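Novice: Kindly return the folded structure for what I paste below:
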Amino acid sequence: MYCCKPLISAFGLAILVLISFNNSTFAGEPAPFEDKTEINRFIGEMVAEHKFDKAELTALFDKARLHQSIIDAISRPAEGKPWYEYRPIFVTRSRVRGGVVFWKENEDIIKQVSEKYQVKPEIIVAIIGVETRYGRHKGTYPILDSLATLAFAYPPRAKFFRSELKHYLLMSKEEGFDPLTQKGSYAGAMGMPQFISSSFRRYAVDFDNDGKRDLWDNPADALGSVGNYFKRHGWTAGQPVAHKVEVSGIKYKDILTKSLKPKYSQDELMLAGVTLPGELPTDIKGNLIELDSGDGPEYWVIWDNFYVISRYNHSALYSLAVYQLSLEILESR
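Specialist: Numbering: from 1, shown residues only. The predicted structure is shown next:
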């Protein structure tokens, strides 16, 4: 639920990796952390700030393992691909069929979630589809290993993942589970909707009121949490997400942007040569983005609800894939 952007050169990262990993890690096997300077500093922070037991945390991190495969994966995120290569990963016939089946199996829950949070049901379903193929691929990495590897052996995002590791340990205490047993993605995302630790603590809900927030095996909690996440980030019922548009002239180039936060009025878009669809809400703003279709550029106007989807993963490609998958699932029902 975030966008990973490498912040150092490939050569610099290679040097850091050479320093950080021992031979068994390069052979592909998870390995103990040899240099525990940063881990011990982190343990001290958790003891001082959150009253954790030092001996317990020390024993816990003695069991944590460093994974070269995690570094490899985060260094080549799918969002680095052009649109024409990215889209076929997620918008497929099998994923559409899976969405139809998943929706049918959880129809009552999806309806309740959609009505409570006023979020389109097909968007909620598509999120679960893009993230974990409707719960079938929730991740196989121990979350403690993922977060520790990225917090202590991946300098470009160390600050972010140290924070997520803190949230994970706090979450483990709050939810009453063993931090060694939970599994997720290489980046520490967990459950059917792939919430990171901070998002779990802020947005996960016990939708079926059974006394626990279970995003791994409980579709009600997973779907409810996605609905709550979107509502809390400003999803507006009845408003559009995105439109593929035609452009003319050259003024449109002045408003092309990579920002996903809409800022242009419809009048400004049209004056720049963007042809908008009719019957749009009068007060919404949009941005014009350009994507590589493989046969040339294609242009999309994105609206506020598109920006809300991007809060799940800060990528235009991700948000558009979710949106297009949602439309195909809805059409196939």
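Novice: helix/strand/coil for residue 113?
Specialist: Following DSSP: H, G, I helix; E, B strand; the rest coil, residue 113 is assigned to helix.
Novice: That one - nearest residue in space that isn't next to it in sequence?
Specialist: residue 227 (4.2 Å; CB to CB, 6 or more residues apart in numbering). From N, CA and C alone the C-beta is placed, and that goes for glycine too.
Novice: where's that neighbour relative to residue 88, distance?
Specialist: 28 Å (CB to CB, to the nearest Å).
Novice: so for the helix or strand where the residue nearest to residue 113 lies, what's the average pLDDT?
Specialist: Assigned by DSSP states H and E, residue 227 belongs to helix 219-232. Mean pLDDT, computed over helix 219-232, is 98.
Novice: next SSE after that helix?
Specialist: Following helix 219-232 in sequence order, the next helix or strand is strand 242-247 (DSSP H and E).
Novice: where's that next one relative to the chain centroid, distance-wise?
Specialist: 25 Å (CA atoms, centre = their mean, to the nearest Å).
Novice: Show me the shaky parts of the protein.
Specialist: Along the chain, segments meeting pLDDT under 70 span 1-28.
Novice: let's see it at 90
Specialist: By pLDDT under 90, the low-scoring segments of the chain are 1-29, 76-80, 279, 282.
Novice: quick one: the strands in it?
Specialist: 141-142, 183-184, 242-247, 274-275, 287-292, 297-302 (DSSP state E).
Novice: Could you export the ones you listed as a markdown table, including distance to residue 104 and mean neighbour count?
Specialist: Converted to a markdown table, these look like this (distance: least, CB to CB, whole Å; neighbours: other CB atoms under 10 Å):
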| stretch | distance to residue 104 | mean neighbour count |
| --- | --- | --- |
| strand 141-142 | 31 | 22 |
| strand 183-184 | 27 | 22 |
| strand 242-247 | 27 | 16 |
| strand 274-275 | 38 | 18 |
| strand 287-292 | 32 | 19 |
| strand 297-302 | 30 | 20 |
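Novice: could you redo those strands as JSON lines and give each row distance to residue 132?
Specialist: Shown next, in JSON lines, are these (distance: least, CB to CB, whole Å):
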{"stretch": "strand 141-142", "distance to residue 132": "14"}
{"stretch": "strand 183-184", "distance to residue 132": "10"}
{"stretch": "strand 242-247", "distance to residue 132": "23"}
{"stretch": "strand 274-275", "distance to residue 132": "36"}
{"stretch": "strand 287-292", "distance to residue 132": "25"}
{"stretch": "strand 297-302", "distance to residue 132": "25"}
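Novice: between those, which gets nearest to residue 34?
Specialist: strand 141-142 (18.5 Å; CB to CB).
Novice: got the contact list for that closest one?
Specialist: Outside strand 141-142, the residues that touch it by CB atoms under 8 Å, 6 or more residues apart in numbering are 64-65, 67, 70, 180-186, 188.
Novice: can you do 7 Å?
Specialist: With CB atoms under 7 Å, 6 or more residues apart in numbering as the test, strand 141-142 has contacts from 67, 70, 180, 183-186.
Novice: and those residues, which are buried?
Specialist: 67, 70, 183-186 (16 or more other CB atoms under 10 Å).
Novice: Could you check how far the nearest residue to residue 237 once chain neighbours are set aside is from residue 143?
Specialist: Among residues not flanking residue 237 along the chain, residue 118 sits closest, at 4.1 Å (CB to CB, 6+ apart). Here the criterion is CB to CB. By it, residue 118 lies 31 Å from residue 143.
Novice: what do you get for residue 245?
Specialist: 41 Å.
Novice: What's the separation between residue 213 and residue 229?
Specialist: For residue 213, the distance to residue 229 - CB to CB - is 13 Å.
Novice: More neighbours: those two, which one.
Specialist: residue 229 (25 against 22; other CB atoms under 10 Å).
Novice: what number of residues lie near the nearest residue to that one once chain neighbours are set aside?
Specialist: Nearest residue to residue 229 in three dimensions, chain neighbours excluded: residue 203, at 4.4 Å (CB to CB, 6+ apart). The number of residues packed around residue 203, counting by other CB under 10 Å, is 21.
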